[in-house]
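Chemist: coords below, sequence missing:
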């Protein structure tokens, strides 16, 4: 067990859990932090819907609009969208994890203007305009493209250690060198055009052979990284292409009257450790009062700790500091709910640039509104924050306050799921689930089977979206064709326009237990 932080240490307030809202936050984050220590990844990622009816296309438009705005790696620019139907027409609401929403508004206004112009063109003029549109989308995402290209080149260097210098690999090495020779605008186009190249199959075969010969997993890992990065780079072309395709089929959605940002607000601060923040205390509060199962769960947790350093992970999570932010899809959800806005076609779908995290999924699932449950990568992010509540006039939240009750009821239900999953894993002494990236490329035997069932790779590609789980490669054009579509940055037009239960909040110094 680890020593708790003293409640009277500098910056701490004695009796801080006497505040009902702080007590509520403790009861939410404690089991969440323990569950994350038991395994950040809770399940395999969800797969996309393979249908392409008008509703699916509209949803894909929302996802791809959000994807175009997700211009940085790391989650700060993760974006979400919602189509509101008003008397004046359609308003697009955009939210971001960080502070990029206004920049995104300007960019998206330019996107819709460009799409409407493209719809008026014909033949070669239309093709050239579409290429300019794709290039401008790549340019807007330049920070992300640069980082993804760096990671791609790093994986190439790792693979080259196992390729050797023989004559039989010269052409393959020359193909790989192309990625480091191209500029930031060219790499996504090259990746998209060559995502089904024979060289990929050759690389995979050689990395498998190297792994068998060396007894190391490094060659396979390097290839997996390369393939994943290639898919992410190809998405910078796929997303705007899909957007043009879908808006051509649903042209009324290009007539957006207004693009507005959602104010993210400030999430409540995650409570720090105090004298009650011990593993025994956390587990006790997760079980019914006087539960006879407490000794068994503590013994199982000690067993897991010897193998996976669970207690150290919990301690590190608190000591490293948790700085929560309200995720973009939650901002859109609460904005529509609190203001009673109407979704286009009455389809309560919120688009996002990447699948929802574990907490966002639970929030959608247990929210009193009716929402389309998002796809999820099922990973826990401890920086996840709740929507902030307006400070009450009295200075303290009353249990009958509507906004407090709204959040309390959601948190109680979320917490019940978190506790159940945590206690089950502890009881069965289950090992953490294997890690996977938030965005998955999907080049697996399962994809190949789906591709065969659908009839062609293009059919499969047509259902993949933005940062979703689309496949990597399709029979494409030559590298020369890819580069011929690329323009220098100075040639590009600017698309940016000018302008739970009540007992969850109870704490007991002696028993600590809460009924589920």
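Modeler: Yep, it's here. No experiment lies behind these values; they were computed from the predicted model shown. Residues are numbered from 1 along each chain as shown.
Chemist: So residue 189 sits against residue 238, correct?
Modeler: No: using CB atoms under 8 Å, residue 189 is not in contact with residue 238, being 11.0 Å away. C-betas here are computed from N, CA, C, even on glycine.
Chemist: Give the helix, strand or coil label for the nearest residue to residue 319 once chain neighbours are set aside.
Modeler: Distances taken as CB to CB, 6 or more residues apart in numbering put residue 273 closest to residue 319, at 7.8 Å, once the chain neighbours are dropped. Judged by DSSP: H, G, I helix; E, B strand; the rest coil, the three-state class of residue 273 is coil.
Chemist: and stretch 430-440, average pLDDT?
Modeler: Taken as a whole, stretch 430-440 has a mean pLDDT of 61.
Chemist: wait, I meant stretch 376-389
Modeler: Mean pLDDT, stretch 376-389: 93.
Chemist: next one: that stretch to chain centre, how far?
Modeler: 10 Å (CA atoms, centre = their mean, to the nearest Å).
Chemist: Which pLDDT value goes with residue 461?
Modeler: For residue 461, the model assigns a pLDDT of 51.
Chemist: Find the residue ranges of the protein scoring beneath the pLDDT cut-off.
Modeler: Applying pLDDT under 70 to the chain flags residues 1-18, 100-101, 392-396, 433-516.
Chemist: longest helix in it, by residue count?
Modeler: In the chain, assigned by DSSP state H, the helix with the most residues is helix 218-249.
Chemist: Can you point out the buried residues in that helix?
Modeler: Residues 219-220, 222-247 are the ones in helix 218-249 that count as buried (16 or more other CB atoms under 10 Å).
Chemist: And for stretch 359-366?
Modeler: For stretch 359-366, by 16+ other CB under 10 Å, it's 359, 360, 361, 362, 363, 364, 366.
Chemist: neighbouring contacts of that stretch?
Modeler: 32, 327, 329-330, 333, 356, 371, 373-374, 376, 378, 380-381, 384, 410, 413-414, 417-418 (CB atoms under 8 Å, 6 or more residues apart in numbering).
Chemist: was I right about the residue nearest to residue 319 contacting residue 318?
Modeler: Yes: here residue 273 reaches residue 318: they are 4.6 Å apart, a contact under CB under 8 Å.
Chemist: Between these two, which is the more surrounded one?
Modeler: Between residue 273 and residue 318, counted using other CB atoms under 10 Å, residue 273 has the larger neighbour count: 23 against 20.
Chemist: From residue 267, how far out is that one?
Modeler: For residue 273, the distance to residue 267 equals 19 Å [CB to CB, to the nearest Å].
Chemist: Then residue 344?
Modeler: On the measure of CB to CB, residue 344 and residue 267 end up 28 Å apart.
Chemist: which other helices and strands contact the longest helix of the chain?
Modeler: helix 54-69, helix 101-120, helix 123-140, helix 142-160, helix 186-193, helix 198-214 (3 or more CB pairs under 8 Å, 6 or more residues apart in numbering; DSSP states H and E).
Chemist: Deepest in the core, which of those helices is it.
Modeler: Burial of these is given as mean neighbour count (mean count of other CB atoms under 10 Å); helix 186-193 ranks first at a mean of 26.
Chemist: So what angle separates the directions of that helix and helix 142-160?
Modeler: Counting by axes from the mean of the first three to the mean of the last three CA atoms, to 10 degrees, helix 186-193 points 60 degrees away from the direction of helix 142-160.
Chemist: Could you list every helix and strand in contact with helix 186-193?
Modeler: helix 123-140, helix 142-160, helix 170-181, helix 218-249, helix 479-484.
Chemist: And the contacts of the third one?
Modeler: Among residues not part of helix 170-181, those counted as contacts by CB under 8 Å, 6+ apart are 149, 152-153, 156, 159-160, 163, 187, 190-191, 194, 197, 199, 202-203, 206, 479.
Chemist: Try it again at 7 Å.
Modeler: 152, 153, 156, 160, 163, 187, 190, 199, 202, 203, 479 (CB atoms under 7 Å, 6 or more residues apart in numbering).
Chemist: which ones are touching the fourth one?
Modeler: Neighbour list for residue 160: residue 173 [criterion: CB under 7 Å, 6+ apart].
Chemist: circling back to that earlier point, in CSV, list the helices and strands packed on helix 218-249 along with distance to residue 91.
Modeler: Shown next, in CSV, are the helices and strands packed on helix 218-249 (distance: least, CB to CB, whole Å):
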stretch, distance to residue 91
helix 54-69, 13
helix 101-120, 11
helix 123-140, 22
helix 142-160, 27
helix 186-193, 30
helix 198-214, 43
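Chemist: Among those, single out whichever gets nearest to residue 390.
Modeler: helix 101-120 (20.3 Å; CB to CB).
Chemist: Straight-line length of stretch 88-106, end to end?
Modeler: Using CA to CA, to the nearest Å, the end-to-end distance of stretch 88-106 comes out at 20 Å.
Chemist: for stretch 261-277, that is, sorry about that
Modeler: Stretch 261-277 has an end-to-end distance of 38 Å (CA to CA).
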